[in-house]
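S.K.: I'd like to go over a predicted model; first the sequence, then the structure.
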Amino acid sequence: MSRIIVGMSGGVDSAVAASILVDKGYEVEGIFMKNWEEESEFCSAEKDYKDALQVCDILGIKIHSINFAKEYWERVFEHFLEEYKNGRTPNPDILCNTEIKFKEFLHYAKDLGADVIATGHYARNYHNNHEVLLKKGSDLEKDQSYFLHGLNQHQISSAIFPIGDLEKFEIRKQAKKLGFNNYNKKDSVGICFIGERNIKEFLQTYIPSKAGNIVDQNGKILGEHDGIMYYTIGQRKGLGIGGGHTNQNGAWYVLNKDAINNVLIVGQGHNHPALYHKRLKASNPHWISGIAPKKHTLNAKIRYRSNDVPCNIIELGMDNIEVEFKDPCFAIAPGQSIVFYDKDICLGGAIIESYSN
Amino acid sequence: MYYFDHSATTPVHPEVSELMDSIQSTIYGNPSSIYSSGQKAKSVVENARRQIAESISAEPEQIIFTSGGTESNNQVLWYMLQNQKKHVISNDIEHPAVIKVLEFLKPFGLDHTLINVDSDGIISIDNVKKAINPQTSLISLMLANNEIGSIQPIKTVIDIARENNIMVHSDAVQCMGKMELDVIGLGVDFLSLSAHKFYGPKGIGILYAKEPKNMSSLIIGGGQEMGLRAGTENVACIAGMGLAAKLATTSIDKHINSLLEFEKQFKRGLQTFFPNAIFNGSQVNKLPGLINVSFPKHRSDILMAKLDRVNIAISNGSACGAGDIKPSPVLSAMGIEDTINLSTLRFSFGKSNTPEQINYLLNQLKSILTPE
């Protein structure tokens, strides 16, 4: 293992990842990936690129720039829109890893002579017998194994995660010490291509919105929504039907989305029973090791940054699984992924299709 | 480094940088000051003005020092706002320093027509004629294109312009040292040049104006440059540009010959192992030493990364600030489809190159394009 190509985003994590590899004496190069074209001619990735360039300049390594906007659009973004159109809540960052970063980027990095690639993900991987395992990052606040659960053995054995053992504050400290301009750059939040923008405004430009009724569980019309794709199960804000903190029955929550009838079903209170479910069905299970786990009593996250909750895989098929939680789970959202853990080892996951009690 | 990107910029000629160093360290007077160190600076500036003028067969009074080609182009186009007739003709493959300025000036009342180019990247005279209307005050036509090197039929255009009482501006930043530049012979009204394209420093250029009396300043302030460009003169860079212009014109024949030799060596060599290479733009009417090639089934960003690995500097169509590649508008205007467009590289040879370097380039390309 000698030549490592690092995916550089212009952010502080990948910058420090590269510096760690340089320190260890590897032959390191950076690749700046551009996955999204802005409509405006102004190149908004320019600042990120400049930051990556400055880091590579300090480290004395080469940086190349590769555009995967077409691949991203076809394999990630179109699926993202499709899911929203169907009233689901997709997670494009998971697909971005499996389809772009650990497929296209990996392919071209290998073509450029890389032995392995490295990224600034908060995750760890290590060999155990004939298998490579994915482990949570040390900084549990930042752990990104959730987004990486779709990788296979080939992908995960071709990658290293140099900052997986570090905490965010250490990363920033190190970046400052090295003189990186991005040492204090804000963490990216939300979906990368939407960035700081309002997701509703963003979606409006791609999907025609269709207004419909907001109803309670008995079908009583309470108001109108401007498109169910703008709402997520468990969402409280922005329903526009009153009943905030002052209402004695509690705030209104999105309980369910009926895409077929274009109806948003709501109920009052965070503890509304219709927001809690004990079971879910999920499709397309993927296991990092390539084989389904023997152990069925595991922990799971049903969205990024949710707590690990104890669960039991009660039905385990090739295409579908069914999971039962120890305690009812809040706001299970179809389209999101359920990701399984055995302690801090990430085993894989599946896409949530439906829930029940 | 193996540098084959002379159309992007050129290394500063050693004599030029020596001259600039000595001026920077000894002549710090302001050319507008009347005491002797100011006088000295003034004479450096005026000497350079004469050198530049001689290199393009102009009079010193017709040379305005600017910060470069972009500013020179801007000065001409903004000046057109003051003309009674407010229509400008240009074309699809001009540099953004013309096209974007025209787009910007449109809401201020300056109308424009961009005429098409053919698949060789050359305008048709008929299209120029068709675009002319009674309001047309200026035709802005680059002498040679920066991406493909195609040379426009400017003399014919100027003849037509004269008949219609229209002025002509030419962005000639790619041309100094690579083709004869004779503003009298050409008959242009305005011409833009940039020093860093001919082995001079960056951040300095000129605007040639046939009738500077009628011209106006873009940068407003002090009375420098006969009131046509305010701001204290960049003395060392101006001197460097003057010398660079002189060097470029005195060695022009030799330079053109060596560029043509490099070009021949490169094209022949490339065709032996990559016969599918597509040479874009006119191969007859073009600048020597600038070759735009598409490598079907290869991505230009990947090719560039691989060449960078072996210390070869070349460029692709139009890199944006994020270093990534978009289809070149120039190639698109010539009707080249996106996948071919995105497989295109530009090689531009120059003074620092040798036949051995071209061989190195060919060998590296061969191992990248035809791996065993």
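M.R.: It's in.
S.K.: can you pull the buried residues of the lowest-mean-pLDDT helix or strand in chain A?
M.R.: Counting by mean pLDDT, DSSP states H and E, chain A has its least confident helix or strand at helix A:199-204, which shows a mean of 84. By neighbour count with 16 or more other CB atoms under 10 Å in any protein chain shown, helix A:199-204 contains the buried residues residue A:203. To be clear about C-beta, it is placed using only N, CA and C from the backbone, and glycine gets the same treatment.
S.K.: chain center to that helix: distance?
M.R.: Mean-position distance between helix A:199-204 and its chain equals 19 Å (CA atoms, centre = their mean, to the nearest Å).
S.K.: next SSE after that helix?
M.R.: Following helix A:199-204 in sequence order, the next helix or strand is strand A:212-215 (DSSP states H and E).
S.K.: what's the helix or strand just after that next one in contact with?
M.R.: Scanning forward in sequence from strand A:212-215 by DSSP H and E, the next helix or strand is strand A:221-225. Residues outside strand A:221-225 that contact it (CB atoms under 8 Å, 6 or more residues apart in numbering or on different chains): A:211-216, A:231, A:239-241, A:252, A:264, A:266.
S.K.: Alpha carbons only: can I get strand A:221-225 in CSV?
M.R.: C-alpha atoms of strand A:221-225 as CSV (Å, rounded to 0.1, in the frame of the first residue of the first chain):
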residue,chain,number,x,y,z
ILE,A,221,-60.3,18.4,7.4
LEU,A,222,-58.2,20.7,9.4
GLY,A,223,-56.5,22.7,6.7
GLU,A,224,-54.6,22.6,3.5
HIS,A,225,-51.0,21.5,2.7
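S.K.: Please identify the buried residues of it?
M.R.: Buried residues in strand A:221-225, counted by 16+ other CB under 10 Å: A:222, A:225.
S.K.: Please work out how many residues are found near residue A:164.
M.R.: 25 (other CB atoms under 10 Å in any protein chain shown).
S.K.: residues touching it, list them.
M.R.: Residue A:164 touches A:121, A:122, A:123, A:124, A:125, A:135, A:137, A:138, counting by CB under 8 Å, 6+ apart.
S.K.: now residue A:4
M.R.: Residues near residue A:4 by CB under 8 Å, 6+ apart: A:21, A:26, A:27, A:28, A:29, A:114, A:115, A:116, A:117, A:118, A:160.
S.K.: Can you list which of the residues you listed are found in strands?
M.R.: A:27, A:28, A:29, A:116, A:117, A:118, A:160 (DSSP state E).
S.K.: Within reach of chain B, which of those residues are there?
M.R.: Residues of the ones in strands among the contacts of residue A:4 in contact with chain B (CB under 8 Å from any CB of the partner chain): residue A:29.
S.K.: CSV please, covering the ones in strands among the contacts of residue A:4 and showing pLDDT and neighbour count.
M.R.: Shown next, in CSV, are those (pLDDT from 0 to 100; neighbours: other CB atoms under 10 Å in any protein chain shown):
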residue, pLDDT, neighbour count
A:27, 96, 16
A:28, 97, 25
A:29, 96, 23
A:116, 96, 18
A:117, 97, 22
A:118, 98, 25
A:160, 96, 22
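S.K.: List just the nearest of the ones in strands among the contacts of residue A:4 to residue B:38.
M.R.: Nearest to residue B:38 among these: residue A:29, at 51.1 Å, using CB to CB.
S.K.: right, and the closest one touches residue A:61 too?
M.R.: Yes. Between residue A:29 and residue A:61 there is a contact at 5.7 Å, judged by CB atoms under 8 Å.
S.K.: Residue in the stretch 101-250 of chain B with the shortest distance to chain A?
M.R.: residue B:103 (10.3 Å; CB to the nearest CB).
S.K.: any idea whether that residue is helix, strand or coil?
M.R.: Counting by DSSP: H, G, I helix; E, B strand; the rest coil, the backbone at residue B:103 sits in helix.
S.K.: Quick one: residues contacting it.
M.R.: Contacts of residue B:103 by CB under 8 Å, 6+ apart: none found.
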